[in-house]
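the following comprises the amino acid sequence and a computationally predicted model.
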Amino acid sequence: MAFPQTRMRRLRASDGLRGLVRETDLRAGSLVLPLFVSAQEHDAAGARAGRSPIATMPGVERLSLSETVAEAHEVARLGIAAVMLFGIPVSKDERGSGAWDEEGVVQLATRAIKQALPQLLVITDVCLCEYTDHGHCGVLREDGAVDNDATLELLARTAVSHARAGADMVAPSDMMDGRVRAIREELDSDGFADTPILSYAAKFASAFYGPFREAAGSTPSFGDRRAYQMDPANGREAVREALLDVDEGADMVMVKPALAYGDLIGEIRRSTRVPLAAYNVSGEYAMVKAGAAAGYIDERAVVLEILTSLRRAGADVIVTYHAKDAARWLAEQS
Ligand code: PBG
């Protein structure tokens with residue numbers, strides 16, 4: 001039956017009807033807030049003690065250890081599911097040894113948060129790029145290429161050190177082949193069989209990471225990441241990546257970035273049975289903040305629309321720098 005018997009507007013006529021037939025929900029419990037934890041002291045002029053602003057990401061700061069714990073309290077109070085930790089070490093080296101240092105910045109922050117807030121989930125980013133002096137996500141061969149197989153052991157060691165510090169979940173973002181299996185095996189043999197892996201399965205070589213690299217100081221000193229991160233032109237390959245990671249033992253998989261990759265969130269949702277995360281990355285955040293600051297868009301409405309659309313596309317979990325604002329707005333609505 002078509003018009004005039006069928007009128008799509010009938011079910012849009014009131015708040016009550018719209019609420020009744022709404023297909024997608026957005027709640028703070030589906031959100032994860034990334035935090036940049038810094039081992040350095042921050043005394044930048046005008047900055048709050050222990051916090052230094054990130055110019056390209058208004059509203060996001062690099063946090064000292066104690067401010068990280070303070071932030072975690074706020075996250076828990078807002079009902080956000082988890083924090084995802086990124087470390088900014090004091091020093092870097094060729095192999096990225098700060099990544100698996102038992103006294104490293106992420107390990108210290110994880111212990112501190114879990115001690116203060118045992119119920120709040122701590123997910124740790126497992127990668128070497130914040131810890132290598134060359135800024136690549138793995139160790140280099142003589143010819144400058146990233147050595148896949150030699151990197152696996154270091155990633156596994158890093159994941160175990162995070163689990164030992166109390167991480168509830170580890171999230172490898174390096175895009176080496178075989179890392180999920182390597183991490184699973186190492187976790188299992190070190191007594192962490194119950195620590196889940198959230199794999200950045202379909203992670204693209206994206207210009208949307210620009211502000212993050214500024215924040216984490218992880219821009220490669222030469223070349224780019226296209227020999228390990230995915231080509232934005234490839235969708236079938238993203239599904240293969242997700243299926244392989246599930247096969248290797250990933251408990252959850254992620255698509256990253258999110259906004260330009262909604263098709264793949266849908267595809268991977270339908271092709272796998274594991275929970276799916278979408279990473280609403282730094283450049284996506286920065287565009288919204290810039291548009292809002294210029295008065296071109298309504299920040300609150302745009303953010304809630306973006307996050308809802310990612311849930312509709314098929315994401316169970318959304319990693320987003322908007323998490324605190326979104327949680328506040330959602331609480332006001334209900
Ligand atoms: C580390 C990592 C990156 C991001 C998350 N983990 C940067 C990169 O791959 O260059 C990007 C996150 C963001 O842009 O918000 N490999």
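Perfect, I can see it now. Residues are numbered from 1 along each chain as shown.

how many other residues sit next to Leu120?
With neighbours defined by other CB atoms under 10 Å, the count for Leu120 comes to 18. In short, each C-beta sits where N, CA and C put it, glycine included.

not counting sequence-adjacent ones, nearest residue to it?
Nearest non-adjacent residue to Leu120, counting by CB to CB, 6 or more residues apart in numbering: Ala76, 4.6 Å away.

and the host helix or strand of the one you found, what does it pack against?
Element membership for Ala76 (DSSP states H and E) is helix 65-77. Contact partners of helix 65-77 among helices and strands, from 3 or more CB pairs under 8 Å, 6 or more residues apart in numbering; DSSP states H and E: strand 31-38, strand 82-88, helix 105-116, helix 323-333.

end-to-end on stretch 73-83?
Taking CA to CA, to the nearest Å, stretch 73-83 runs 11 Å from one end to the other.

still on that earlier bit, next, the angle strand 31-38 makes with the helix holding Ala76.
Interaxial angle of helix 65-77 relative to strand 31-38 (axes from the mean of the first three to the mean of the last three CA atoms, to 10 degrees): 170 degrees.

going by proximity to the ligand, name the top residue of the stretch 101-250 of the chain.
Phe212 (3.1 Å; CB to the nearest ligand atom).

what's the burial count for that residue?
24.

check what contacts the helix or strand containing it and list those residues.
Secondary structure assignment for Phe212, by DSSP H and E: helix 210-216. Here helix 210-216 makes contact (CB atoms under 8 Å, 6 or more residues apart in numbering) with 36, 54-57, 60, 62, 86, 88, 129-130, 135, 218-219, 281-283, 285-286.

so Val274 sits against Asp251, correct?
Yes: the pair Val274 / Asp251 is scored as a contact, 6.5 Å apart, by CB atoms under 8 Å.

around the ligand, pick out the residues from the protein.
Neighbours of the ligand within the chain, by CB under 6 Å from any ligand atom: 125, 127, 129, 137, 173, 209, 212-213, 218, 281-282.

tabulate those (a markdown table), appending pLDDT, secondary structure and distance to Leu108.
Below are the residues of the chain next to the ligand laid out as a markdown table (pLDDT from 0 to 100; DSSP: H, G, I helix; E, B strand; the rest coil; distance: CB to CB, whole Å):
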| residue | pLDDT | secondary structure | distance to Leu108 |
| --- | --- | --- | --- |
| Asp125 | 98 | strand | 15 |
| Cys127 | 97 | coil | 18 |
| Cys129 | 96 | coil | 19 |
| Cys137 | 96 | coil | 22 |
| Ser173 | 97 | coil | 20 |
| Tyr209 | 97 | helix | 25 |
| Phe212 | 94 | helix | 21 |
| Arg213 | 91 | helix | 23 |
| Ser218 | 88 | coil | 19 |
| Val281 | 98 | coil | 25 |
| Ser282 | 98 | helix | 24 |
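
ok, so of the residues you listed, who is nearest Leu31?
Val281 (14.4 Å; CB to CB).

now do the closest one against Leu63, distance only.
19 Å (CB to CB, to the nearest Å).

same thing with Leu17?
Distance from Leu17 to Leu63, by CB to CB: 44 Å.

neighbour count for the two, which is higher?
Leu63 (24 against 12).

for that one, grab phi and psi.
With angles defined as degrees, to the nearest 10, Leu63 sits at phi -120, psi 140.

how about it, what does it touch?
35-38, 50-51, 71.
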